[in-house]
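In: Attaching a predicted model along with its sequence, questions to come.
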Amino acid sequence: MPIRPTVAALRVAVFLAAAMAFATQLVRAQAPTAPAAPAAPAPAAAEADEPVPTFAADFLRDTRVLATGREVWQQQCRHCHGNSAYPGKAPKLSPGGLDPVFIFDRVTYGFKGMPPWRHVFTREQRMAVVAYIKSDGFSP
């Protein structure tokens, strides 16, 4: 013989379900919130101790600079931006139309999920990786 719930039992069950939902919302509303995210880093032009570099044509073609830039790329950048990087980890680079100063700013100060490399690589290394990225020999 099947058991049939009474109307009173159904009302109690609905009441308890509503009370549980209300209590859950109340607890969530009173939970502490996460601290605010830190402000985005200032652009390169605003930094007094990091002047904006000049990327002369001869610098961008210097074989020693390009070799240093390739080393930095292989050591660090390709893991997120290279063709074999995990999909969605970071944008694949197609730097053709990007200004070298723009790339340098992103490398130096980071952007969104990309960390700043200012305190990891020297200014010369960061300039060199920009030269490599802008070179005809660049291969992500």
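Out: Great, that's in hand. Residues are numbered from 1 along each chain as shown.
In: Ends of stretch 50-68, what's the gap?
Out: 20 Å (CA to CA, to the nearest Å).
In: what's in contact with it?
Out: Contact with stretch 50-68 is made by 44-45, 100-101, 104, 108, 118, 123-125, 127-132, 134-135, 137, as judged by CB atoms under 8 Å, 6 or more residues apart in numbering. For every residue, glycine as well, the C-beta is placed using N, CA and C.
In: Number of residues surrounding Gly82?
Out: 16 (other CB atoms under 10 Å).
In: Contacts only, for the residue nearest to it when sequence neighbours are not counted.
Out: Closest residue in space to Gly82, ignoring its immediate chain neighbours: Pro140 at 5.0 Å, by CB to CB, 6 or more residues apart in numbering. In this structure, Pro140 makes contact with Arg78, His81, Gly82, Asn83, Lys92, Leu93, judged by CB under 8 Å, 6+ apart.
In: Per-residue confidence, the third one, what does it come out as?
Out: Looking at Gly82, its pLDDT reads 78.
In: quick one, phi/psi of Thr114?
Out: Rather than Thr, residue 114 is Met. The phi/psi pair for Met114 (degrees, to the nearest 10) reads phi -80, psi 130.
In: Check whether it really touches Ala90, as I assumed.
Out: Yes: the criterion here is CB atoms under 8 Å, and Met114 meets it with Ala90 at 6.5 Å.
In: overlap in contacts of those two?
Out: By CB under 8 Å, 6+ apart, the residues touching both Met114 and Ala90 are Cys80.
In: wait, Gly110 sits on Val120?
Out: No: counting by CB under 8 Å, Gly110 stays clear of Val120, with 10.7 Å between them.
In: Of the two, which one has the most company?
Out: Gly110 (15 against 12).
In: Tell me how far the more buried one lies from Trp117.
Out: Separation of Gly110 from Trp117 (CB to CB, to the nearest Å) stands at 7 Å.
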